[in-house]
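J.: turn this into a model:
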Amino acid sequence: MKQKSVGSRSSSEKLFRTIKRKTRRQYGAEEKIRIVLDGLRGEMSIAELCRREGLAESMYYKWSKDFLEAGKQRLAGDLVREASSDEVKGLRKEARDLKEVVAEQTLELRLFKKSMLGDGEDIE
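T.: Numbering: from 1, shown residues only. Coordinates of the predicted model:
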């Protein structure tokens, strides 16, 4: 009997971990900024803020450190930043569209050259 309960506890623990991992809250950049700014205002303690928002204090302090470091770098004139995933997707789509235009223009140019020769030979 004990072996069954140990095995079932192991599988139930795995199930619990899987559910917890899938239901973990994801915070967007704007939410993180709002929470950090609420903490910096000092209207309530960090512990109270974290309880209200449902996050660990260590996570708040990590976000706060990242926020302040980014601000310090920006004020120091370091304007290089990482692109967001939406920006990357947009740039990839734009590059794909431009490649299609270049391919179409190349094809049209070759057809035009062939029509100018009249016999269909390649000029190049």
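J.: which helix in this structure has the most residues?
T.: helix 85-117 (DSSP state H).
J.: gap between that helix and the chain center?
T.: Centroid separation for helix 85-117 versus its chain: 28 Å, with CA atoms, centre = their mean, to the nearest Å.
J.: what average pLDDT does that helix get?
T.: Helix 85-117 carries an average pLDDT of 92.
J.: and stretch 69-80, by the same measure?
T.: For stretch 69-80, the mean per-residue pLDDT is 78.
J.: ditto for stretch 37-44
T.: Here the average pLDDT along stretch 37-44 is 93.
J.: for it, C-alpha coordinates in PDB please.
T.: Provided in PDB are the C-alpha atoms of stretch 37-44 (Å, rounded to 0.1, in the frame of the first residue of the first chain):
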ATOM      1  CA  LEU A  37       5.900  53.400  -9.100                       C
ATOM      2  CA  ASP A  38       3.300  52.600  -6.500                       C
ATOM      3  CA  GLY A  39       6.100  51.200  -4.300                       C
ATOM      4  CA  LEU A  40       8.300  54.300  -4.900                       C
ATOM      5  CA  ARG A  41       5.500  56.600  -3.900                       C
ATOM      6  CA  GLY A  42       5.700  55.200  -0.400                       C
ATOM      7  CA  GLU A  43       1.900  55.400   0.300                       C
ATOM      8  CA  MET A  44       2.000  51.900   1.600                       C
END
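J.: tell me the helix or strand right after the helix or strand that contains Ser11.
T.: According to DSSP states H and E, Ser11 maps onto helix 2-22. With elements assigned by DSSP H and E, the helix or strand that comes after helix 2-22 is helix 29-41.
J.: and the next element down the chain from that following helix?
T.: helix 46-53.
J.: now the very next helix or strand once past that next one and helix 46-53, what's the angle there?
T.: The first helix or strand that comes after helix 46-53 along the chain, using DSSP H and E, is helix 57-75. Orientation check (axes from the mean of the first three to the mean of the last three CA atoms, to 10 degrees): helix 57-75 against helix 46-53 gives 100 degrees.
J.: got the angle for helix 57-75 vs helix 29-41?
T.: Going by the same axes, to 10 degrees, helix 57-75 makes 100 degrees with helix 29-41.
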